[in-house]
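please work out how this folds:
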Amino acid sequence: MARTRAADFEEKQRSILTTAASTFAELGIDRASMAQIASRSGVSKALLYHYYPSKDALIFDIVHTHLSELDDALAQADDANLPAETRLRLIVGQLLEHYRNADNYHQVQLTGKNVLPQEMTDQLRAIERSIVARFSTLLNDINPKLDGETPLLMPVTMSLFGMMNWMYMWFRPNGPISRDAYADIVTRLIIAGSKSLV
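Numbering: from 1, shown residues only. You can find the predicted model right below:
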């Protein structure tokens, strides 16, 4: 007979993911052990392995959860009835909002994929490609010349992600600029800058 899930399975799983992401971000992927994560999560090592049979499975689920929820949030924020520039601003804002309180998940995304088996990495990259495509499609709609003789669409798209993805290195919630204000800056810079290229 199949083992049934506990009523609080998903709540415990999310708690483990949050603690594991924090531990990996603090100690590094290589140095953080399953025993440390179990201890910090307040669960036994056996229970941790019940949820995640390996460190790779845990890293994968941290990144997969982060990317899947981001992809869904961007899809909900994007309104095809609006002009491309407005849509870009909306999804830039949504991505930066999704990163709120998710710095540890984001750091594991940036560093954890390198240690995972190819099959896991391929699954994560598929979601990343979906996310990147949403932004590059809008950038191309705003300025179709970016995809001309000199292909600039991907460099411009990845420059946009550089501005967004590394925000966690310097941004402070009580600093002189809000996430929303930074979303405006990023959007205006990338639109004006890309239009000046071609």
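
can you tell me the element the residue sitting nearest the centre point of the chain falls in?
Nearest to the geometric centre of the chain sits L67, at 4.7 Å (CA atoms, centre = their mean). Applying DSSP states H and E as the criterion places L67 in helix 55-77.

centre of the chain to that helix, how far?
Chain-centre distance of helix 55-77: 7 Å, with CA atoms, centre = their mean, to the nearest Å.

ok, for the residue nearest to the centre of the chain, nearest residue in space, not its chain neighbours?
Residue nearest to L67 in three dimensions, not counting chain neighbours: I127, with 4.2 Å by CB to CB, 6 or more residues apart in numbering. All C-beta atoms are positioned from the backbone trio N, CA, C, and that covers glycine.

quick one: contacts of the host helix or strand of that neighbour?
Secondary structure assigned from DSSP H and E places I127 in helix 118-142. In this structure, residues lying in contact with helix 118-142 by CB atoms under 8 Å, 6 or more residues apart in numbering are 56, 60, 63-64, 67-68, 70-71, 74-75, 78, 84-85, 87-88, 91, 109, 113, 116, 146-147, 153-154, 156-158, 160-161, 190-191, 194-195.

pLDDT of it, averaged?
Mean pLDDT, computed over helix 118-142, is 96.

after it, next one along is what?
Past helix 118-142, further along toward the C-terminus, the next helix or strand under DSSP H and E is helix 153-165.

against which helices or strands is that following helix packed?
Other elements packing on helix 153-165 under the criterion 3 or more CB pairs under 8 Å, 6 or more residues apart in numbering; DSSP states H and E are helix 84-98, helix 118-142, helix 179-197.

tell me the angle it makes with helix 84-98.
40 degrees (axes from the mean of the first three to the mean of the last three CA atoms, to 10 degrees).

what's helix 153-165 in contact with?
With CB under 8 Å, 6+ apart as the criterion, helix 153-165 contacts 92, 95-96, 99, 106, 110, 132, 135-136, 139-140, 146-147, 186, 189-190, 193-194, 197.

please apply the same query to stretch 82-96.
Applying CB under 8 Å, 6+ apart, the contact partners of stretch 82-96 are 70, 73-74, 76-80, 134-135, 138-139, 141-142, 160, 164, 167, 179-180, 182-184, 186-187, 190-191.
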